[in-house]
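Novice: my questions are about this predicted structure, shown below with the sequence.
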Amino acid sequence: MLARIANNLFWMGRYIERAEHTARFTNVNYFSSLDAPNKLSRDRQFVLQSIYEMVGEEDEQDEVLVEQDVLYNIALNPDKHYSILKCITYARENANSSRDLISNDCYETINKFYHSVINYPKEYFVTRGLHDFTSLIMHQSTILKGKIRGTMLHDEVYALIKLGINIERATQVTHILQIKYNAAEQVTLSKPKHLKKSYEWTTLLKCVDSFDINRRVYRKPPTQSTVIEFLMLNPKSPRTVLYCLNQMQLHIAMLDPLKVHEKGTALFLIGKMRCEYEYKTVEDIQDDVKEFIAHTFSSLVELSDKIEDEYFYH
Amino acid sequence: MKPTNFKHLFSSYDGNENLFDEIFDKKQNVRKVYQKLFDIYNDQSIEEFINLNNKAKTSFFNQGITFQVYSDDKAQEKIFPFDLFPRIIDANEWKIIEQGVLQRCKALNAFIWDIYHDKNIIKAGLVPMELISSSANYLRQMGGLDPVGGIYNHISGTDLIKHSDGKYYVLEDNIRCPSGVSYVIYNRNALKRSLFGVFNHYDIHTVTDYSENLLEILESVKPKGVDVPTCVVITPGVYNSAYFEHSYLAKTMGIELVEGRDLVVENDFVYMKTISGLTRVDVIYRRIDDGFLDPLEFKKDSAIGVPGLFAAYKKGNVTLVNAPGTGVADDKAIYTYMPEIIKFYLGEKPILNNVHTYHCSRPTDLKFVLENIHNLVIKPVDEAGGYGISIGNRLTKPEIEAVKKVILQNPRKYIAQPIMSLSVHATYIEDCQSFEQRHVDLRTFTLLGQDKEFVLKGGLTRVALKKGNLIVNSSQGGGSKDTWVLKK
């Protein structure tokens, strides 16, 4: 497996996953704000800023955001590196360069996906198409991931894509957790006691498509503690940090299983982090949730850098 | 029952009897070999056919079998036009083609060996020395080198046409990096998907065995001392117009598709950079032109090549397929000596016809050309892709004068041939929603290896989609057809 191609496969996985999270986050935040119980959560500026924060766009302080501009930038602006259109373009470019390695079915799906995004009418999107477009992205990326799993040989090519998908998902989940935690703090600024039961926890779960399964696990409305426990430490839900760490370990081990015994390799470090999270309890972290989220985020960034150094730059 | 407004596919087919039509004879009767196919197609309505045609196009587009066109600063993806009416070549006719192209490719291989070694053909006075030494594609670095198995042109694409006399003529030999074979296979797939019923009536050779044969050829020329060779395909990159084909071939052979930046040369051995370090590479099917292979040896600013690659090749540590320097023999000026070349090396008479050629470098020929431009095709000897060609009977008087001037500036650069009439084939034309006559040619694919040779039973039938146009290259708006070679 060529190092350059491995890099492309890894990033193909990351971009597919990123597009999906951006789409869902935008969708959920926008639509749930329309009838949110408190004033700040209903505030359009607050929602748009939160969407910008998700993709890392730095808006000026006190700048009044224009809804149509924000939505266009997030979804279809080819000049914004974070736009969904750009993510899908990068994913497809990466697929192009490794076309000989991925299945025909998989390539055809990503190619069709790309064309459906590229040709999506801008005017329609910014006025009426937000729900339709974001649903399309979530739907198509799910199909694409199904094709990856269902039509490709589960070898190192597959392992690299899965590695990308899972590290991106863990990172996005953590990042969304961070944004929503801050939002919940702001919303309940005057009544800090309400923080633990804030409406933002529900939105947060919806942002990572985990609201209904969370209900099945806890059988009561989400609170700060159950949400953190669930999204960080639940091993069974496919959208949690621990689940992604398990997947990362499984797939990186397919590249070179012997590295697990070598101190300091990416495989070793993933295993170490996974063990830490496997035996952590929500009681361990609830005194400083913010610090723990920040620690998780920076650990994932370090892991990604380590993988890139170790496998892609020879 | 058919609706009353049923319009047959061929209802407005207008046969020009001066042209050789592959489907209809002079009396406008369907030729025997096409009869069944014609009946099936003619039984369909235009509406049904339009539907099929659109489906086939969407399928090509979704599979990403496309190329980029640039307009208004925006890149747009286009599919290569594909015609759903196949071309049929019967077993007897194919036998001649197959033997003929194989003969040519072997003779060319012997010729290249000779001019990079003893130059016997020049000593014998059959081919002039200036022709070789003045060729931009002659690589002095190849002098005295012995490629594995003595093979230079492992992969050759021979372009044939059928003239109005019903005989095949060779128009060009392509022995550098001939492309198009992936379209042969995808055309077949597309036709199978859309009109599978027609295959029941004909017994056709498969074309999907190309890649396995290509891999055997690559492995047959492995460097000395290598047991199981690592073969790779090298491509200039995703933006190359033939990238789709490069990835297709790598994929179907199950070998890596690399770019120059993935390879590195150490101690005259070639390695690729993998996720677990360096892996030795033994055979490289290169889809990069000679000049770009190695910046240390050829073009110094090549960013797509591999520094030190040629030194490794010279040492025999890696095999390049095709060998560098083959371009000297697919020069259009060498083409004209093909009958002599075949006779000299193989002692045989050419099986396929050569189009008579006038060399502007010869004073008597030059005189004839200048006086008869209106009846001739003028071609530069070293251009590919159909560029720089002037067709005499299409030119106005001032244009003829301009062409004369250009020739006189550098006579060596030009040859002239009688205007050949390419045969025509029924082709669906979208703008008119009907079948019309269009000129076609045929590119065949021949493989030569150590103790192995292979001619793909099929080929790329290229169609000039513009009415009356004789240039079929895809870069000039050409399309293609599936090509059926019938079993005996």
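Specialist: Yep, it's here.

Novice: then stretch B:148-163 to CSV, C-alphas only?
Specialist: Only the C-alpha atoms of stretch B:148-163 are listed here, as CSV (Å, rounded to 0.1, in the frame of the first residue of the first chain):
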residue,chain,number,x,y,z
VAL,B,148,14.8,-8.0,-21.4
GLY,B,149,13.7,-10.5,-24.1
GLY,B,150,14.7,-8.1,-26.8
ILE,B,151,11.3,-6.5,-26.5
TYR,B,152,10.8,-2.7,-27.1
ASN,B,153,7.2,-2.3,-28.1
HIS,B,154,5.4,-4.5,-25.6
ILE,B,155,2.2,-2.7,-26.2
SER,B,156,1.2,-1.4,-29.6
GLY,B,157,-1.9,0.2,-31.0
THR,B,158,-2.3,-0.1,-34.7
ASP,B,159,-4.8,2.2,-36.5
LEU,B,160,-6.6,0.7,-39.5
ILE,B,161,-9.2,1.9,-41.9
LYS,B,162,-11.2,0.2,-44.5
HIS,B,163,-10.9,2.0,-47.8
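
Novice: what about that stretch, average pLDDT?
Specialist: Mean pLDDT, stretch B:148-163: 96.

Novice: now the residue of the stretch 351-488 of chain B found nearest chain A: which helix or strand?
Specialist: Closest approach between the stretch 351-488 of chain B and chain A, counting by CB to the nearest CB: B:Asp482, at 19.0 Å. Bear in mind the C-beta positions are built from the backbone N, C-alpha and C, glycine included. Secondary structure assignment for B:Asp482, by DSSP states H and E: strand B:478-485.

Novice: what of B:Phe454?
Specialist: Going by DSSP H and E, B:Phe454 is in strand B:452-455.

Novice: who does B:Thr279 form a beta bridge with?
Specialist: Taking DSSP bridges as the rule, B:Thr279 bridges to B:Met272.

Novice: quick one: contacts for it?
Specialist: B:Thr230, B:Tyr271, B:Met272 (CB atoms under 8 Å, 6 or more residues apart in numbering or on different chains).

Novice: for chain A, what are the nearby residues on chain B?
Specialist: Within chain B, the positions near chain A by CB under 8 Å from any CB of the partner chain are B:61-64, B:238, B:243-244, B:247-248, B:250-251, B:256-259, B:261-262, B:272-278.

Novice: count of residues packed around residue 152?
Specialist: All of this is about chain A. Number of residues near A:Met152 (other CB atoms under 10 Å in any protein chain shown) recorded here: 17.

Novice: not quite, go with chain B.
Specialist: 27.

Novice: and the residue of the stretch 351-488 of chain B closest to chain A, what does it touch?
Specialist: So B:Asp482 contacts B:Pro86, B:Arg87, B:Val184, B:Asn187, B:Arg188, B:Ala190, B:Leu191, B:Thr461 (CB under 8 Å, 6+ apart).

Novice: how about the secondary structure of the first one?
Specialist: Under DSSP: H, G, I helix; E, B strand; the rest coil, B:Pro86 falls in the strand class.

Novice: near chain B, which residues of the stretch 101-250 of chain A are found?
Specialist: The stretch 101-250 of chain A comes close to chain B at residues A:Leu101, A:Asn104, A:Tyr107, A:Glu108, A:Asn111, A:Lys112, A:His115, A:Glu156, as judged by CB under 8 Å from any CB.

Novice: for the residue of the stretch 51-200 of chain B found nearest chain A, give its distance to B:Asp146.
Specialist: Residue nearest to chain A within the stretch 51-200 of chain B: B:Gly64 (4.5 Å; CB to the nearest CB). Separation of B:Gly64 from B:Asp146 (CB to CB, to the nearest Å): 41 Å.

Novice: higher neighbour count, the two?
Specialist: B:Gly64 (22 against 10).

Novice: I'd guessed that one sits against A:Glu108; true?
Specialist: Yes: counting by CB atoms under 8 Å, A:Glu108 is a contact partner of B:Gly64 at 7.2 Å.

Novice: ramachandran angles for B:Ser12?
Specialist: Backbone torsions for B:Ser12, taken as degrees, to the nearest 10, come to phi -110, psi 20.

Novice: any regions of the stretch 301-450 of chain B where pLDDT drops low?
Specialist: For the stretch 301-450 of chain B, residues meeting the criterion pLDDT under 70 lie at B:382-386.

Novice: all helices for it, in order.
Specialist: B:309-314, B:332-335, B:338-346, B:363-371, B:397-409 (DSSP state H, counting those that start in this stretch).

Novice: work out for me the element the residue nearest the centre of chain B sits within.
Specialist: Residue closest to the average C-alpha location in chain B (CA atoms, centre = their mean): B:Gly157, at 4.2 Å. Using DSSP H and E, B:Gly157 sits within strand B:155-162.
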